[in-house]
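Asks: Got a sequence here, can you model it:
(2 chains)
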2 protein chains.
Amino acid sequence: MRTAYHEQLSALCAQLAEMCGLTAAAMERATTALLDADLTLAEQVIADHEHIAMLNRRAEETAIRLLALQQPVAGELRTIVGSIRISADIERMGALAVHVASISRLRHPECALPDEVRASFAEMGSRAVRLARIAQEVLIAPDPDKAARLHDEDDAVDDEHRHLFTLLLDHKWQDGVCSAVDVALLGRYYERFADHAVEIGRRVIFEATGGLPVGKQMA
Amino acid sequence: MRTAYHEQLSALCAQLAEMCGLTAAAMERATTALLDADLTLAEQVIADHEHIAMLNRRAEETAIRLLALQQPVAGELRTIVGSIRISADIERMGALAVHVASISRLRHPECALPDEVRASFAEMGSRAVRLARIAQEVLIAPDPDKAARLHDEDDAVDDEHRHLFTLLLDHKWQDGVCSAVDVALLGRYYERFADHAVEIGRRVIFEATGGLPVGKQMA
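Replies: Here you go, the predicted structure:
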């Protein structure tokens, strides 16, 4: 019985890791769709999200079942409770990838990005994907050394996000209001995606080392 | 023992309701700060958020303690698990009120809002506050009749949000890029605040009537 329980707990963590990998893939494709004005890819990201949302509901059901049937205590209890919050974070990451894809779709056949911010979004996109992949790895094996990498990547996303706002607000923006609004919202989506990935990594690592993380909640 | 447990469960729900009331007050003050370019009020909203963040951490600890000590089943288990997600939603609502206040602070002594969108933000602000108050009431007493009110208020926020984007994107926007970016982000903050309140109400009501809600997760 106890063995079956540990298998279920491992399966829950593996499921969260898989979901995290799906959001990494979603954000990777959403970024390509954004950079290349690729409508098919954008629509694929949007359509695929229902799968992540379904896995989120299933993860919560699994967590409830584990709590009901096994009545875990101490560290295992914290892991299961943590998984409920992590699952919500992952679902949001997927939704944010959908938002990026939706802006690509809305502007198609135009590209939503003016040339001067393409490099910034390529950079934020690859860092966001990397963050989701690190969160995925941490969910499989909570390696505290990876916390530092999460922070470095997140800092880089924040720097790029600030840089975008400097471009938007320095009175030299030449690409019009519509484009500025798209860029501001897109920047926000990448920043939030990164924050959720950091939150997941931080939670897993703090749980592994004891105690509750004080999150970067304000962004 | 069982009585003490039910008291603790009631106390957890009361704590969530109190937190929800605090975010309603925070958004009310943030909206006033935005409309009146009131720096003192904006700074108060920002400073007060730490209290909501602390209550969020405390609510999760209470939930874990209840799970560990009482090993609840069925409906009570769902209530406690739900409270963990609700607490995270409330914390985000508080963070979104802080974002609104931060834009007011950033633009002070100017007002961040051009005249033509003042009425929209006054409207979205009062509806967002009302949504948080309905969520608060539902947390105290899960009245299914209030679900309809949540949807009506949320629909009104969404309509106003769409109207804002029509104004921003119809090529007649006269107030410059900086202002457009502020308005786009502010609109998003109100819309997300409303979504979280709806999510809380929906979750509480569905838990009261059985089953897990399929949320409005995509926004």
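
Asks: The helix or strand harbouring residue A:200 and chain B, any residue contact?
Replies: For residue A:200, the enclosing helix or strand under DSSP states H and E is helix A:176-209. Yes: on the criterion Cβ under 8 Å from any Cβ of the partner chain, helix A:176-209 is in touch with chain B at A:177-178, A:180-181, A:184-185, A:188. The C-beta positions use only the backbone N, C-alpha and C, and glycine is treated the same way.

Asks: now stretch A:127-137: how far from the chain's centre is it?
Replies: The chain centre lies 8 Å from the centre of stretch A:127-137; the measure is Cα atoms, centre = their mean, to the nearest Å.

Asks: do stretch A:3-14 as well
Replies: Distance of stretch A:3-14 from its chain centroid, counting by Cα atoms, centre = their mean, is 23 Å.

Asks: separation between the spatially most central residue of chain A and chain B?
Replies: What sits nearest the mean C-alpha location of chain A, by Cα atoms, centre = their mean, is residue A:93, with 3.5 Å. As judged by Cβ to the nearest Cβ, to the nearest Å, residue A:93 and chain B stand 11 Å apart.

Asks: Next, the buried residues of the helix or strand harbouring that residue.
Replies: Under the criterion DSSP H and E, the helix or strand holding residue A:93 is helix A:74-107. For helix A:74-107, a neighbour-count test (16 or more other Cβ atoms under 10 Å in any protein chain shown) marks A:76-105, A:107 as buried.

Asks: Over to stretch A:176-189?
Replies: Buried residues in stretch A:176-189 (16+ other Cβ under 10 Å): A:177-189.

Asks: ok so, going back, just checking, next helix/strand downstream of the helix holding residue A:93?
Replies: helix A:115-140.

Asks: which helices and strands sit right next to that next one?
Replies: In terms of contacts (3 or more Cβ pairs under 8 Å, 6 or more residues apart in numbering or on different chains; DSSP states H and E), helix A:115-140 is packed against helix A:2-36, helix A:145-169, helix A:176-209.

Asks: Can I get those in TSV including mean pLDDT?
Replies: As requested, the helices and strands packed on helix A:115-140 are exported to TSV (pLDDT from 0 to 100):
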stretch	mean pLDDT
helix A:2-36	93
helix A:145-169	92
helix A:176-209	93
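
Asks: which one of those is the most hemmed in?
Replies: Across these, averaging neighbours per residue (mean count of other Cβ atoms under 10 Å in any protein chain shown) puts helix A:176-209 on top, at a mean of 23.

Asks: need the buried residues of stretch A:176-189 in TSV with distance to residue B:9, can you?
Replies: Converted to TSV, the buried residues of stretch A:176-189 look like this (distance: Cβ to Cβ, whole Å):
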residue	distance to residue B:9
A:177	51
A:178	50
A:179	51
A:180	49
A:181	45
A:182	46
A:183	47
A:184	43
A:185	40
A:186	43
A:187	42
A:188	37
A:189	37
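
Asks: between these, which is nearest residue A:124?
Replies: Residue A:124 has its nearest neighbour among the buried residues of stretch A:176-189 in residue A:187, at 7.4 Å by Cβ to Cβ.

Asks: Relative to chain B, how far out is residue A:77?
Replies: From residue A:77 to chain B the distance is 6 Å (Cβ to the nearest Cβ).

Asks: Kindly report the same for residue A:121.
Replies: Distance, residue A:121 to chain B, by Cβ to the nearest Cβ: 16 Å.

Asks: Just give me the neighbour total for the residue lying closest to that residue once chain neighbours are set aside.
Replies: Distances taken as Cβ to Cβ, 6 or more residues apart in numbering or on different chains place residue A:113 nearest to residue A:121, at 5.8 Å, with adjacent residues excluded. For residue A:113, the neighbour count with other Cβ atoms under 10 Å in any protein chain shown is 23.

Asks: Residue A:113 reaches residue A:183, doesn't it?
Replies: Yes: under the criterion of Cβ atoms under 8 Å, residue A:113 makes contact with residue A:183 at 7.1 Å.

Asks: Check what pLDDT the closest residue to residue A:103 other than its chain neighbours gets.
Replies: Leaving aside its chain neighbours, residue A:103 sits nearest to residue A:112 (5.1 Å; criterion: Cβ to Cβ, 6+ apart). We have a pLDDT of 96 for residue A:112.

Asks: Next, the contact list for residue A:112, please.
Replies: By Cβ atoms under 8 Å, 6 or more residues apart in numbering or on different chains, residue A:112 lies in contact with A:34, A:37, A:103-104, A:106, A:179, A:182-183, A:186.

Asks: how does it look with 6 Å?
Replies: A:103-104, A:182 (Cβ atoms under 6 Å, 6 or more residues apart in numbering or on different chains).

Asks: What's the separation between it and residue B:182?
Replies: Per Cβ to Cβ, to the nearest Å, residue A:112 is found 20 Å from residue B:182.

Asks: do residue A:138 as well
Replies: Computed with Cβ to Cβ, the distance linking residue A:138 and residue B:182 is 36 Å.

Asks: rewinding a little: what about the helices and strands packed on helix A:115-140, which gets the closest to residue A:122?
Replies: helix A:2-36 (6.2 Å).

Asks: Which neighbouring elements make contact with the next helix or strand after the closest one?
Replies: Counting by DSSP H and E, the element after helix A:2-36 in chain order, helix or strand, is helix A:39-70. Judged by 3 or more Cβ pairs under 6 Å, 6 or more residues apart in numbering or on different chains; DSSP states H and E, helix A:39-70 is in contact with helix A:2-36, helix A:74-107, helix B:74-107.

Asks: What count of nearby residues applies to the closest residue to residue A:149 other than its chain neighbours?
Replies: Of all residues not flanking residue A:149 in the chain, residue A:134 sits nearest, at 5.7 Å (Cβ to Cβ, 6+ apart). Using other Cβ under 10 Å, residue A:134 has 24 neighbouring residues.

Asks: List the contacts of residue A:134.
Replies: Residue A:134 is in contact with A:146, A:149-150, counting by Cβ under 6 Å, 6+ apart.

Asks: 10 Å instead?
Replies: A:20, A:24, A:143, A:146-147, A:149-150, A:152-154, A:197-198, A:200-201 (Cβ atoms under 10 Å, 6 or more residues apart in numbering or on different chains).

Asks: For it, give me the pLDDT.
Replies: Confidence score, pLDDT, at residue A:134: 96.

Asks: same deal with the one 4 residues further on?
Replies: What the model reports as pLDDT for residue A:138 is 94.

Asks: do the same with residue A:212
Replies: With respect to pLDDT, residue A:212 scores 50.

Asks: And for the one 5 residues further on?
Replies: Residue A:217 is assigned a pLDDT of 44 by the prediction.
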